[in-house]
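Chemist: Make a model of this:
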Amino acid sequence: MKKALLYFLLILNLSSCGTSKSVHHIPDVKQYSLEIPKVNKINDSTFSFNQNYLTKNKQQLWELYINGNPLQLGYNNGALTQSLMQNQEEIFFSKVEDFVPSKFKQKLLRSFLKWYNRKMYLNVRDDFQAELYGLSQYSSDKYNFIAPKFLRSMYLHGAHDIGHAMQDLMMVGCTSLAVWNENSEDGDLLIGRNFDFYVGDDFAKNKLIEFVEPENGIPYMSVSWPGMIGVVSGMNKEGITVTINAGKSKIPLTAKTPISFVTREILQFAKNIDEAIAIAKKRKVFVSESILVGSANDKNAVIIEVSPDNFGVYKVENSSKIVCTNHFQSDAYKDDKRNQKHIVESHSEYRYEKLQELLNENPKLNPEKMASILRDKSGLKGEKIGYGNEKALNQLLAHHAVIFSPEKRLVWVSSNPYQLGEFVCYDLNEIFSNKRLKNGAFAKSELNIAKDPFVDYQEFENYEIYKLMQSEIIAAIEKDIFLSEDFTKEYQSLNPDFWLGYYLAGKYYFKQKEYSKAKVEFEKALTKEITTVPDKENVEKYLKKTLRKLD
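Modeler: Coordinates of the predicted model:
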């Protein structure tokens with residue numbers, strides 16, 4: 001996570017050193033009429049402007065409704081969410097000083113990477129640029145040293161892509177699936193997804209559910225965070241859904257179209273799977289990504305697999321279910337060596353098999369059963385693999401989980417913590433109608449899915465303490481800080497089935513030159529379900545180094 005975020009922050013820092021044309025680029029917005037929003041504050045959590053609303057529900061999810069032309073959409077969004085958006089910027093950019101304290105190193109890296117973002121605006125639709133321009137007017141002045149507001153807002157939409165592109169690190173382990181006909185309880189198409197993009201707990205606190213009614217195109221909803229106009233999880237009024245899962249990518253040499261803009265375009269302009277495929281095919285992306293597209297009109301789902309140099313569509317034959325983790329499945333990628341290596345070495349195939357196992361156990365899904373699958377924390381055959389293990393479907397770090405019923409136009413969105421809180425239900429038929437505008441209601445609360453009882457268990461409280469203690473042991477390793485014997489024992493006892501606790505304890509003892517203790521910890525780690533092949537090799541490498549020290 002740290003390396004991926006560092007890489008992205010460095011790319012942002014270099015923007016002021018790009019080509020003069022890209023640095024000074026501002027979209028032409030003269031063609032759009034504009035009414036500068038005058039926001040009415042109803043209370044601390046409800047704001048309005050004309051028919052545009054922002055409110056916070058009892059599950060602590062922010063709900064935003066906006067309409068208008070592209071420029072007006074951006075202004076309405078920015079005016080209503082300004083404090084939230086600036087807070088999100090603060091959370092994200094606060095990592096700069098933590099990860100890049102040396103001004104000299106920042107300068108060297110900016111010089112090396114100064115050209116990176118120079119072509120992004122050439123690959124973003126003009127109407128999306130106009131919307132971003134309006135939104136960016138409400139960004140903080142504090143970070144103008146990184147890039148002008150408009151370009152900074154655009155570059156931030158590449159954060160998801162950069163996180164996915166790291167060769168030595170997967171920032172996420174997203175999972176998605178769709179069932180229909182005999183595999184759903186009522187025969188309707190049902191889709192679920194975990195979005196495991198993680199930039200820290202603070203970043204995930206202010207989840208934003210956007211309901212957007214553009215002047216041109218199809219109304220849609222999206223789940224993300226303040227300042228985001230791209231789509232990572234969403235559904236439109238026609239019953240088209242999109243969710244994105246990372247594939248394995250090379251580190252991109254230049255930014256092109258962020259994947260969230262591709263999926264936004266699909267939602268705004270596609271009514272069926274063929275139209276979604278056509279949109280995805282014409283855009284130049286700069287990372288590898290799987291886009292699971294569900295369609296009420298087709299009563300089907302497919303996976304569009306995109307990368308800078310290839311394009312494929314995975315469709316299931318003689319089946320009414322499709323699952324997606326973080327590797328490609330279409331014929332277009334069957335000989336792709338990077339994809340093959342990723343299947344062998346990562347946790348993607350493990351989660352794929354776990355999904356198949358759970359679907360066999362639950363042959364007919366409904367929204368509640370789908371939520372149970374998304375919340376599953378166990379390994380294959382119910383094995384205890386430790387909380388936070390990326391081999392689990394629920395890694396206890398998800399930004400959000402979503403369940404779609406496209407034919408009914410219903411969507412359920414998880415609330416904190418992770419995907420364990422209550423799933424809140426929304427009816428797009430009501431929201432994109434005068435009925436919602438009259439009563440101001442968003443959620444269809446009688447259809448909500450109850451929170452996971454796990455949040456009230458001692459194990460969950462232990463896991464939250466475990467995470468805090470993990471940051472302490474990492475700091476102790478990096479800064480050579482002494483920890484008591486009781487500390488490491490308590491730390492491991494809070495999450496005893498997770499390999500990482502033993503590996504970090506081993507590294508700590510190795511750093512302290514207590515090699516006998518380090519040996520015991522590395523050997524314990526190797527008895528657990530280790531997340532990836534490179535992780536296991538790293539534990540084995542440290543064990544060999546420890547044994548040499550003991551000789």
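Chemist: I'd guessed residue 517 sits against residue 509; true?
Modeler: Yes - using C-beta atoms under 8 Å, residue 517 makes contact with residue 509 at a distance of 4.1 Å. Bear in mind the C-beta positions are built from the backbone N, C-alpha and C, glycine included.
Chemist: So these two - more neighbours on which side?
Modeler: It is residue 509, of residue 517 and residue 509, that has more neighbours when counted by other C-beta atoms under 10 Å, with 22 against 18.
Chemist: Tell me who's in contact with the more buried one.
Modeler: Listed by C-beta atoms under 8 Å, 6 or more residues apart in numbering, the contact partners of residue 509 are 515, 517-518, 521.
Chemist: and stretch 283-294, average pLDDT?
Modeler: Mean pLDDT, computed over stretch 283-294, is 93.
Chemist: Mind giving me the packing neighbours of the strand or helix carrying residue 75?
Modeler: Using DSSP states H and E, residue 75 falls within helix 70-99. Counting contacts by 3 or more C-beta pairs under 8 Å, 6 or more residues apart in numbering; DSSP states H and E, helix 70-99 is packed against helix 2-13, strand 46-49, strand 52-56, strand 62-68, helix 126-136, strand 208-214.
Chemist: got the angle for that helix vs helix 126-136?
Modeler: Here the directions of helix 70-99 and helix 126-136 differ by 60 degrees (axes from the mean of the first three to the mean of the last three C-alpha atoms, to 10 degrees).
Chemist: Only the buried residues of helix 70-99, if you could.
Modeler: Going by neighbour count (16 or more other C-beta atoms under 10 Å), the buried part of helix 70-99 is 70-82, 84-89, 91-93, 95-96.
Chemist: where's the residue most central in space within the chain relative to residue 29, distance?
Modeler: By C-alpha atoms, centre = their mean, the chain has its centre lying nearest to residue 197, at 3.1 Å. The spacing between residue 197 and residue 29, counted by C-beta to C-beta, to the nearest Å, is 30 Å.
Chemist: do the same with residue 263
Modeler: Noted for residue 263: a distance of 24 Å to residue 29, by C-beta to C-beta.
Chemist: quick one: strands adjacent to the host helix or strand of residue 412?
Modeler: Secondary structure from DSSP H and E places residue 412 in strand 410-413. Counting by DSSP bridges, the strands paired with strand 410-413 are strand 400-405 (antiparallel), strand 424-427 (antiparallel).
Chemist: got the contact list for the first one?
Modeler: Looking back up the chat, that one is strand 400-405. Strand 400-405 is contacted by residues 188-195, 204, 207, 223, 233, 235, 241, 243, 294, 367, 370-371, 374-375, 410-414, 418-419, 423, 449 when judged by C-beta under 8 Å, 6+ apart.
Chemist: Could you do stretch 538-548 as well?
Modeler: Defining contact as C-beta under 8 Å, 6+ apart, one finds that stretch 538-548 is touched by 499, 503, 506-507, 510, 515, 518-519, 522-523, 525-526, 530.
Chemist: Go ahead and build a ChimeraX selection from the buried members of those residues.
Modeler: A single ChimeraX command selects the buried members of these (16+ other C-beta under 10 Å):
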select :499,503,506,507,510,515,518,519,522,525,530
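Chemist: Kindly indicate which of the contacts of stretch 538-548 lies nearest residue 310.
Modeler: Of all those, residue 310 sits closest to residue 530, with 30.6 Å by C-beta to C-beta.
Chemist: can you tell me which helix or strand that closest one belongs to?
Modeler: Per DSSP H and E, there is no helix or strand for residue 530.
Chemist: do you know how far it is from residue 380?
Modeler: The spacing between residue 530 and residue 380, counted by C-beta to C-beta, is 14 Å.
Chemist: swap in residue 451?
Modeler: Using C-beta to C-beta, we find residue 451 at a distance of 26 Å from residue 380.
Chemist: Give me the more crowded residue out of those two.
Modeler: Just comparing residue 451 and residue 380: by other C-beta under 10 Å the higher neighbour count belongs to residue 451, 19 against 14.
Chemist: which residues touch the nearest residue to the more buried one once chain neighbours are set aside?
Modeler: Nearest in space to residue 451, with sequence neighbours left out and distances taken as C-beta to C-beta, 6 or more residues apart in numbering, is residue 422 at 4.7 Å. By C-beta under 8 Å, 6+ apart, the contact list for residue 422 reads 59, 414-415, 448-451.
Chemist: 6 Å - rerun?
Modeler: Counting by C-beta atoms under 6 Å, 6 or more residues apart in numbering, residue 422 makes contact with 59, 415, 448, 451.
Chemist: Format those as TSV; extra columns: distance to residue 398.
Modeler: TSV is the format used below for the contacts of residue 422 (distance: C-beta to C-beta, whole Å):
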residue	distance to residue 398
59	15
415	11
448	18
451	14
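Chemist: Going by neighbour count, which of those comes out on top?
Modeler: Neighbour counts for the contacts of residue 422, by other C-beta under 10 Å, peak at residue 415, which reaches 21 neighbours.
Chemist: Got the confidence number for that residue?
Modeler: pLDDT at residue 415 comes out at 96.
Chemist: what stretches of this protein score poorly on pLDDT?
Modeler: Residues of the chain that meet the criterion pLDDT under 70 lie in 1-23, 95-118, 159-160, 162-173, 249-253, 435-441.
Chemist: hmm, back to that, can you tell me which of the contacts of residue 509 is nearest residue 135?
Modeler: residue 521 (48.7 Å).
Chemist: Following the chain onward from the strand or helix carrying that closest one, which element is next?
Modeler: Using DSSP H and E, residue 521 falls within helix 515-525. Following helix 515-525 in sequence order, the next helix or strand is helix 533-550 (DSSP H and E).
Chemist: Please could you give me each C-alpha atom of that following helix, formatted as CSV?
Modeler: These are the backbone C-alpha positions of helix 533-550, laid out as CSV (Å, rounded to 0.1, in the frame of the first residue of the first chain):
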residue,chain,number,x,y,z
VAL,A,533,3.9,-16.7,-3.4
PRO,A,534,6.3,-13.7,-3.1
ASP,A,535,5.2,-13.3,0.5
LYS,A,536,6.0,-16.9,1.3
GLU,A,537,9.3,-16.6,-0.4
ASN,A,538,10.1,-13.5,1.6
VAL,A,539,9.4,-15.4,4.9
GLU,A,540,11.6,-18.3,3.7
LYS,A,541,14.4,-15.8,2.8
TYR,A,542,14.3,-14.3,6.2
LEU,A,543,14.4,-17.7,7.8
LYS,A,544,17.5,-18.7,5.8
LYS,A,545,19.2,-15.5,6.8
THR,A,546,18.3,-16.2,10.5
LEU,A,547,19.7,-19.7,10.3
ARG,A,548,22.9,-18.4,8.9
LYS,A,549,23.2,-16.0,11.8
LEU,A,550,22.7,-18.9,14.2
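Chemist: That helix: how far from the chain's middle?
Modeler: Taking C-alpha atoms, centre = their mean, to the nearest Å, the mean C-alpha location of helix 533-550 is offset from the chain mean by 32 Å.
Chemist: what's the angle from it to helix 515-525?
Modeler: Calculated by the same axes, to 10 degrees, helix 533-550 forms an angle of 150 degrees with helix 515-525.
Chemist: So which bits of helix 533-550 are buried?
Modeler: Neighbour counts over helix 533-550 (16+ other C-beta under 10 Å) mark 535-536, 538-539, 542-543, 546 as buried.
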